[in-house]
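Visitor: only geometry, no sequence info:
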Ligand SMILES: NC(=O)c1ccc[n+]([C@@H]2O[C@H](COP(=O)([O-])OP(=O)(O)OC[C@H]3O[C@@H](n4cnc5c(N)ncnc54)[C@H](O)[C@@H]3O)[C@@H](O)[C@H]2O)c1
Ligand SMILES: O=CCCC(=O)C(=O)O
């Protein structure tokens, strides 16, 4: 039975006003913990709505870019303050709409606030260098200019942090923004944009438009007045977005999938490694691009590690993320649940040994949600599908190796290169790992997930378009360098 009666409708935010789509159509955003619960209705926007958003952003950017960086920063500080007051409400909406547990959602919202404050400060930092000219009477230096209108296409797995880590640097460097969130988390996105609206950003500087990826996302990528697209999501869609941008000469940045390994060396602190594997692989129901999915363990400690891992995995409580004793929530949507279940089936068919989980929980109270049990496979080999393709679910594949060299080789044997970690006490092991691991983020004695806002983040190989987000690295995408030569 549907519980939609009082669910609110959220509008697009265009040119400083909340407005309905010209389509007159809305779609529901439902709770993955109970598909009968509607969290809200969102606009099913059209290319006409999109064009209005882009034109308002284009117009507003002209004045926005002329403000001092510190003045733009003031708006970001204000948005952070508003969001801080609404932290609990936004986090609760995120949990209801996307499924991650409330403590995780609160942590993510707090992270969004910290990102806003970090980039607010960037408005007062240096943007260029003085370079000695060969002409002794000349002054040569670099400065930076914004791209113009930036389109932000975001996924559902970090519905606050990812849009903010794209919008905040775009804005501080003088761009205006059109945000297209994932449909699954569009209500959470609307609440984030309400904070920007309350902070008093000039009309048109920031716009929100919801709708289908194939219409609004693709439309943004193809729009001739959008100078740059920053995308996070799947490889398949990312490649399409990149091609659309390339075809018209727009700048683009793609952050995509991962198949992240953890290596457990023979000298590892096994309790630490178990905790890191569980947290990295199963928190957020494995739906982090940085989630651990391959657990490569040295043969000397394989059995002991597996025993310790299983003892903890068996205690994991699956349930509605709003309930205090829940450790792991549902998959974010039905499609994701089906994908996870089909990979589990494939693992069984290809000969991996299912140690735990592998299906939907038996509790009838969870029957209307997209829940799956935490799953562990033993005897996995590098050639199996579950150790090659991104599952984006709570599935751990245990792989046994005899040497650290074999471990690193196995870790690199995939097309992705986002994050990787090793548990070891040996300097030699960790140095080999740091040097030889093909991943944009390598972590030692720490889980594969966990991104710090002040450091560059991005992947190697098929995980990204080889650009970096966050920290001061963000300036490279959101601005263009201008070299200035001045002769008296
Ligand atoms: N590398 C990272 O930083 C990172 C972070 C989070 C998620 N991800 C990846 O995201 C995926 C899961 O997220 P998802 O299911 O939301 O991804 P997705 O690619 O399906 O969707 C991402 C966004 O693209 C939009 N979109 C869909 N079709 C489009 C099209 N034809 N043109 C333009 N936009 C379109 C969607 O509406 C959504 O807003 C996983 O593969 C995961 O690894 C990567
Ligand atoms: O899903 C991609 C982002 C991962 C992240 O932010 C983290 O691991 O903290």
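Guide: Right, received. Where do you want to start? If you're wondering where the values come from, they're calculated on a predicted model, not measured in any experiment. Ligands and ions are numbered 1, 2, ... in the order given.
Visitor: Tell me the helices and strands packed up against the helix ranked longest in the chain.
Guide: The helix spanning the most residues in the chain, taking DSSP state H as the definition, is helix 102-122. Packing partners of helix 102-122 (3 or more C-beta pairs under 8 Å, 6 or more residues apart in numbering; DSSP states H and E): helix 69-85, helix 87-98, helix 161-172. (C-beta placed from N, C-alpha, C; glycine too.)
Visitor: Do it and ligand 1 come into contact?
Guide: No: using C-beta under 6 Å from any ligand atom, helix 102-122 stays clear of ligand 1, with a minimum separation of 12.0 Å.
Visitor: what's downstream of that helix, the next helix or strand?
Guide: strand 138-146 (DSSP states H and E).
Visitor: pLDDT averaged over that following strand - what is it?
Guide: Averaging pLDDT along strand 138-146 yields 98.
Visitor: before we move on, the earlier item: and the longest helix of the chain, how far from the chain's centre?
Guide: Centre-to-centre, helix 102-122 and its host chain are 13 Å apart (C-alpha atoms, centre = their mean, to the nearest Å).
Visitor: Likewise for stretch 363-375?
Guide: Centre-to-centre, stretch 363-375 and its host chain are 24 Å apart (C-alpha atoms, centre = their mean).
Visitor: contacts for it?
Guide: 31-36, 99, 282, 285, 313, 316, 318-320, 328-334, 336-337, 340-341, 344, 354, 356-361, 393-396 (C-beta atoms under 8 Å, 6 or more residues apart in numbering).
Visitor: Can you check what angle separates the longest helix of the chain from helix 69-85?
Guide: Put simply, helix 102-122 runs at 160 degrees to helix 69-85, going by axes from the mean of the first three to the mean of the last three C-alpha atoms, to 10 degrees.
Visitor: Tell me the residues on the stretch 301-450 of the chain that lie near ligand 1, please.
Guide: Checking the stretch 301-450 of the chain against ligand 1 by C-beta under 6 Å from any ligand atom, the hits are 390, 392, 418.
Visitor: Distance of the last one relative to ligand 2?
Guide: What it means is residue 418. Distance of residue 418 to ligand 2, given as C-beta to the nearest ligand atom, to the nearest Å: 8 Å.
Visitor: which ones are touching that residue?
Guide: 257-260, 289-290, 439-441, 459-460, 463-464.
Visitor: Intersect the residues you listed with the contacts of ligand 2.
Guide: Near ligand 2, by the rule C-beta under 6 Å from any ligand atom, you find 289-290 out of the contacts of residue 418.
Visitor: quick one, what contacts residue 486?
Guide: 138-140.
Visitor: who's it bridged to?
Guide: residue 139 (DSSP bridges).
Visitor: Isn't residue 378 up against residue 399?
Guide: No: using C-beta atoms under 8 Å, residue 378 is not in contact with residue 399, being 9.5 Å away.
Visitor: Average pLDDT for the longest helix of the chain, rounded please.
Guide: 98.
Visitor: List the buried residues for it?
Guide: 102, 104-106, 108-120, 122 (16 or more other C-beta atoms under 10 Å).
Visitor: ok, back up a step: just the residues of the stretch 301-450 of the chain next to ligand 1: which are in strands?
Guide: Among those, no member falls in strands (criterion: DSSP state E).
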